[in-house]
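Asker: heads up, no residue letters with this:
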Ligand SMILES: C[S@@+](CC[C@H](N)C(=O)[O-])C[C@H]1O[C@@H](n2cnc3c(N)ncnc32)[C@H](O)[C@@H]1O
């Protein structure tokens, strides 16, 4: 088993606020939030799929020795996957990583269209699928396509947890930072709810933005 993971600074994908608060401190807070919001004490008895995983949850789980059954991370940024597949996967069978070459204007402009994908790049079904700060950088078309693909990866009694920028004043969608595509992708709440339902999910809870947990608004969903 791997005991310590040192991540090169250029692979971190979090904001300056998160960096200042600490990757592992915020990682621990968010792992607890995901586990508790989806009805679990921790990650000790569940198979977790983290889409847009970055490096933070892996670093936190390894360095803080967090209980874990299994963790699968999907990323569109190839160097992150190369690093985790080399430094973590061969040393601890609980961790697996997959590269997914899909398009994102901010993170992977050369990638393929998510809507053309037949499946997520992973096998099997998961107890919890989580996405922290990923829908915050997705177009509505990509959000719907991703929600539909993930619907095929959840266990019958599994749960989906994801954060998003929600603005109740907004009817549809607004890419808010001019000149920086998808840096802040805002959704009207009813519009996001309609995408979630269209993709075959039922909303269990909608939760306010929580600065103390370093998270935007977040949804917990079950398969409909
Ligand atoms: C702000 S970072 C958050 C990383 C991690 N979830 C965390 O909270 O530390 C967003 C990540 O999502 C990844 N990403 C964006 N769109 C994606 C997609 N469609 N599928 C998988 N990963 C995606 C980006 O490459 C980036 O690493």
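Answerer: Perfect, thanks for sending it. Small disclaimer: the values here were computed from a predicted structure and weren't measured.
Asker: any idea how far the nearest residue to residue 188 once chain neighbours are set aside lies from the ligand?
Answerer: Of all residues not flanking residue 188 in the chain, residue 170 sits nearest, at 3.9 Å (CB to CB, 6 or more residues apart in numbering). In short, each C-beta sits where N, CA and C put it, glycine included. Using CB to the nearest ligand atom, to the nearest Å, residue 170 is found at 21 Å from the ligand.
Asker: measure the residue most central in space within the chain to the ligand for me?
Answerer: Closest residue to the average C-alpha location of the chain: residue 131 at 1.8 Å, with CA atoms, centre = their mean. Distance, residue 131 to the ligand, using CB to the nearest ligand atom: 7 Å.
Asker: run through this protein and note the low-pLDDT ranges.
Answerer: Along the chain, no part satisfies pLDDT under 70.
Asker: partners of the residue nearest to the centre of the chain in the sheet?
Answerer: Note on residue 131: beta-bridge partners by DSSP bridges are residue 162.
Asker: so it makes contact with residue 147?
Answerer: No. The criterion here is CB atoms under 8 Å, and residue 131 misses it with residue 147 at 9.9 Å.
Asker: right, and residue 201 touches residue 159 too?
Answerer: No. Between residue 201 and residue 159 there is no contact under CB under 8 Å: 9.8 Å.
Asker: common neighbours of these two, please.
Answerer: Common contact partners of residue 201 and residue 159 (CB atoms under 8 Å, 6 or more residues apart in numbering): 221-222.
Asker: OK, contacts around residue 71?
Answerer: By CB under 8 Å, 6+ apart, the neighbours of residue 71 are 43, 48, 50, 57-58, 61, 94-96.
Asker: repeat that with 6 Å
Answerer: 48, 95 (CB atoms under 6 Å, 6 or more residues apart in numbering).
Asker: does it belong to a helix, a strand or coil?
Answerer: For residue 71, the assignment made with DSSP: H, G, I helix; E, B strand; the rest coil gives strand.
Asker: and the contacts of the lengthiest helix in the chain?
Answerer: Looking across the chain with DSSP state H, the single longest helix is helix 23-37. With contacts defined as CB under 6 Å, 6+ apart, helix 23-37 is touched by 18, 42-43, 56-57, 59-60, 63-64, 130, 132, 161, 213-214, 220.
Asker: buried ones only from those, please, as a ChimeraX command.
Answerer: Only the buried entries of the contacts of helix 23-37 go into this ChimeraX selection, using 16 or more other CB atoms under 10 Å:
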select :18,43,56,57,59,60,63,130,132,161,214,220
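Asker: which of the contacts of helix 23-37 fall within strands?
Answerer: 43, 130, 161, 220 (DSSP state E).
Asker: give me every residue that touches the spatially closest residue to the third one that is not a sequence neighbour.
Answerer: If the residues on either side of it in the chain are set aside, residue 161 comes closest to residue 130, at 4.4 Å by CB to CB, 6+ apart. The contact partners of residue 130, taken as CB under 6 Å, 6+ apart, are 34, 50, 161.
Asker: and which of those residues is nearest the ligand?
Answerer: Closest approach between the contacts of residue 130 and the ligand, by CB to the nearest ligand atom: residue 50, at 6.6 Å.
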